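Asks: no sequence on this one, just coordinates:
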């Protein structure tokens, strides 16, 4: 017997999230969802678990006011503004403005 080659599909994150949300809603059974989206029920279960595990990250504030990350970003932005101001002044002098 020959082993048929399995074709892997690259599914988008949008599609995976759509299927996971449908599984979370439980309006259809896993078998029905698997048939509708042409997937294996285990794959849908895996995406559903991943969605539940990562859901808490949606509610975490990444940049809290006064955090070190904000201060570092602010310092970098001030440095960039200074650099651009110096470059702008140099170019104005070169053009005689």
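Replies: Good, I have the coordinates. Remember, it's a predicted structure, so these values are computed and weren't measured experimentally. Residues are numbered from 1 along each chain as shown.
Asks: quick check, residue 51 in contact with residue 24.
Replies: Yes. If you go by C-beta atoms under 8 Å, residue 51 and residue 24 touch, sitting 6.5 Å apart. For the C-beta atoms, the positions are set from N, CA and C on the backbone; glycine is no exception.
Asks: more neighbours, the two?
Replies: residue 51 (16 against 13; other C-beta atoms under 10 Å).
Asks: could you list the domains of this structure?
Replies: Domain assignment for the chain, taken from automatic domain parsing, gives 10-60, 62-97.
Asks: distance from the chain centre to the longest one, please.
Replies: Spelled out, that is domain 10-60. In terms of C-alpha atoms, centre = their mean, to the nearest Å, the centre of domain 10-60 is found 16 Å from the chain centre.
Asks: picking that back up, any chance of CSV for the domains of the chain, columns mean pLDDT?
Replies: Listed next are the domains of the chain as CSV, based on pLDDT from 0 to 100:
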stretch, mean pLDDT
domain 10-60, 93
domain 62-97, 83
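Asks: packed most tightly, which of those domains would that be?
Replies: Mean neighbours per residue, mean count of other C-beta atoms under 10 Å, is largest over the domains of the chain for domain 10-60, with a mean of 13.
Asks: need the distance between the two termini of that domain.
Replies: Taking C-alpha to C-alpha, to the nearest Å as the measure, domain 10-60 stretches 29 Å from start to finish.
Asks: the longest helix in the chain is where?
Replies: What stands out as the longest helix in the chain, according to DSSP state H, is helix 68-95.
Asks: show me how far that helix is from its chain's centre.
Replies: So, by C-alpha atoms, centre = their mean, the centroid of helix 68-95 is 30 Å from its chain's centroid.
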